[in-house]
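>>> need coordinates for the below:
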Amino acid sequence: TLNAISTLILDRDTDTANQTVTRLSAFLRHVAQTSDSPLGLVIEGGEGCVVRTAGGKEYLDLLAGIGVAALGHGNPRVLAAIREQAERHLHVMVYGELVQEAQVRLASRLAGLLPPSLDNVYFTNSGTEGNVMALAGARVFAQRKGRTAATKVMVFHGGYHGGVLYFVSGGSPVNMPYEYIVAPYNDIEGTRALLARHGEELFAVLLEPMQGSHGCLPGDVAFLKMVREETRARGITMIFDEVMTSRLSPGGLQQKLGVIPDMTTLGKYIGGGMSFGAFGVRRDIMELFDPTKPDALPHAGTFNNNVATMTAGGIVLSEVFTADRAEAHTERGNEFRANVAALLARHKAPVSVSGFGSMMSLHGLRNAPTTPTEALQRDNDLNNLLFLGLLERGIYIAARGMMNVGLAHTDEQLATALDRLDDLLDEIDDLVA
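Reported below is the predicted structural model:
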């Protein structure tokens, strides 16, 4: 495996190649693997939207860390703020005894962006943690409201809410040990029927307003509004996972769509590249965690509210990814996706693109999917050709086809990405002729 990888990607300089093979050997031996086909690219640096390997090869990063690096690599303002904070202090007690300016600044900024009903923010270390804690709070909230039969949570086929809340392929053995009702995403009548059948048993409905990991499938507005109406009528907590989508509007995709949940989980880009998670919640639900009350839920995390992330997040939302810039960036993403769609339409290869704003995904399908079931029909061999063919041409996207337009991408770089995709599709057209 190492020899095959090194032959494919390494610099011809023997010393560099040998060093990289040594690193790859240690990576495969000592790091728990999360991919069945690791590329073996050893990344040594990144600037803006370009990453550089140990061998000196540069790639246009069109994945942006699945949104974590949406600002670009090494944003100077964010880095400067972290350095300034580090010179003052890093870790201190964060359980609530001490007030940290950076924490208050970020919480206040988020509360100002989220709907007024979600003006109380709980910080975690990742989007996964945010979803785990949101579900824990929703379950206890239902129990204390007298809904003692409400022990299940509704999720959706194709949903991804972290490594322990994984429903892309229907479920995972390591999922949190709840009882799940798995509903069909974007299916109004199918989901309504399940809500009617299981309403008394459900303490929460957890969903993304656009499914990210399953192919950037936008939620149909009528579908999302139906879920909102049914959950409100039945006293079920509705949780929007906006870990990926919150950057698509100043107040998240929910603001753009006009569908406001009871809880919103956040993550990715807000940390400016640092580990970050949070959820915003209605105050009556957040009171469950109020330590001044005798029956408060215990909650603490050593690195929740860590000052480096809080500092980065405050700069991200107040100076770098401002409300005006968020709106403009979403329109820029829509324009790029339209250009991709127009390019695909000129080729014979059955490839389509789905998404909204700066989030999008390529599919080995003639028509862009709108449901997880349709997305599963894609030609995986064709998707692999797209991924490896673009990589060979210096463009890095997700193996599954996901692309994220970042703030640092220039018009010229996006045009280059289109040209490289066009060139690749010329070759693929010959294969499918």
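>>> and the residue nearest the centre of the chain, how far from residue 267?
In the chain, the residue lying closest to the centroid (Cα atoms, centre = their mean) is residue 244, at 3.0 Å. Counting by Cβ to Cβ, to the nearest Å, the separation of residue 244 from residue 267 is 8 Å. Heads up, the C-betas are built off the backbone N, CA and C, glycines and all.
>>> mutual contacts of the two, please.
Overlap of the contact sets of residue 244 and residue 267 (by Cβ atoms under 8 Å, 6 or more residues apart in numbering) is empty.
>>> was I right to think residue 209 contacts residue 245?
Yes: counting by Cβ atoms under 8 Å, residue 245 is a contact partner of residue 209 at 5.7 Å.
>>> intersection of neighbour lists for those two?
Counting by Cβ under 8 Å, 6+ apart, the common neighbours of residue 209 and residue 245 are 252, 253.
>>> pick out whichever of these two has more residues nearby.
residue 245 (30 against 25; other Cβ atoms under 10 Å).
>>> just give the nearest non-adjacent residue to the more buried one, would you?
Spatial nearest neighbour of residue 245, chain neighbours left out: residue 253 (4.2 Å); criterion: Cβ to Cβ, 6 or more residues apart in numbering.
>>> phi first, then psi, for that neighbour.
When read as degrees, to the nearest 10, the backbone of residue 253 gives phi -60, psi -30.
>>> residues touching residue 209, list them.
Counting by Cβ under 8 Å, 6+ apart, residue 209 touches 218, 219, 224, 240, 242, 245, 252, 253, 254, 257, 259.
>>> closest to residue 49 out of those residues?
Distances from residue 49 to the contacts of residue 209, taken as Cβ to Cβ, are shortest for residue 245 (20.2 Å).
>>> per-residue pLDDT, the closest one?
Among the per-residue scores, residue 245 shows a pLDDT of 98.
>>> likewise residue 26?
85.
>>> what strand or helix carries it?
Using DSSP states H and E, residue 26 falls within helix 14-30.
>>> mind checking how far the following helix or strand past that helix is from the chain centre?
Where DSSP H and E defines the elements, the next helix or strand beyond helix 14-30 is strand 43-47. In terms of Cα atoms, centre = their mean, to the nearest Å, the centre of strand 43-47 is set 21 Å apart from its chain centre.
>>> got the angle for strand 43-47 vs helix 14-30?
Relative orientation of strand 43-47 versus helix 14-30 (axes from the mean of the first three to the mean of the last three Cα atoms, to 10 degrees): 100 degrees.
>>> any idea of the mean pLDDT for the very next helix or strand once past strand 43-47?
Per DSSP H and E, the first helix or strand lying C-terminal to strand 43-47 is strand 50-53. Looking at strand 50-53 alone, the average pLDDT works out to 94.
>>> so how far is strand 50-53 off the chain centroid?
Counting by Cα atoms, centre = their mean, strand 50-53 comes out at 22 Å from the chain centroid.
>>> just the CA trace of the helix or strand just after it, in PDB.
For strand 50-53, the succeeding helix or strand toward the C-terminus, using DSSP H and E, is strand 58-61. In PDB, the C-alpha atoms belonging to strand 58-61 read as follows (Å, rounded to 0.1, in the frame of the first residue of the first chain):
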ATOM      1  CA  GLU A  58      -0.200  22.200  -4.200                       C
ATOM      2  CA  TYR A  59      -4.000  21.500  -4.300                       C
ATOM      3  CA  LEU A  60      -6.900  23.900  -4.500                       C
ATOM      4  CA  ASP A  61      -8.900  23.000  -1.400                       C
END
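>>> so what does whichever helix or strand comes after strand 58-61 touch, helix or strand wise?
Using DSSP H and E, the helix or strand that directly follows strand 58-61 along the chain is helix 76-88. Using 3 or more Cβ pairs under 8 Å, 6 or more residues apart in numbering; DSSP states H and E, the elements in contact with helix 76-88 are helix 307-315.
>>> and the helix it packs on, what does it pack against?
Under the contact definition 3+ Cβ pairs under 8 Å, 6+ apart, helix 307-315 sits against helix 76-88, helix 101-113.
>>> tilt between the first one and helix 307-315?
In this case it means helix 76-88. Going by the same axes, to 10 degrees, helix 76-88 makes 140 degrees with helix 307-315.
>>> flag every buried residue along helix 76-88.
Buried residues in helix 76-88, counted by 16 or more other Cβ atoms under 10 Å: 78, 81, 82, 85.
>>> what does that helix rub up against?
Residues outside helix 76-88 that contact it (Cβ under 8 Å, 6+ apart): 71, 102, 272-274, 307-308, 311-312, 314-316, 319-320.
>>> mind picking the two most distant members of those residues?
The span of those, defined through Cβ to Cβ, is set by 71 and 307 at 19.3 Å.
>>> any idea how far the helix holding residue 26 is from the chain center?
Mean-position distance between helix 14-30 and its chain equals 30 Å (Cα atoms, centre = their mean).
>>> so which elements touch that helix?
Against helix 14-30 (3+ Cβ pairs under 8 Å, 6+ apart) you get helix 2-9.
>>> gap between residue 199 and residue 227?
From residue 199 to residue 227 the distance is 12 Å (Cβ to Cβ).
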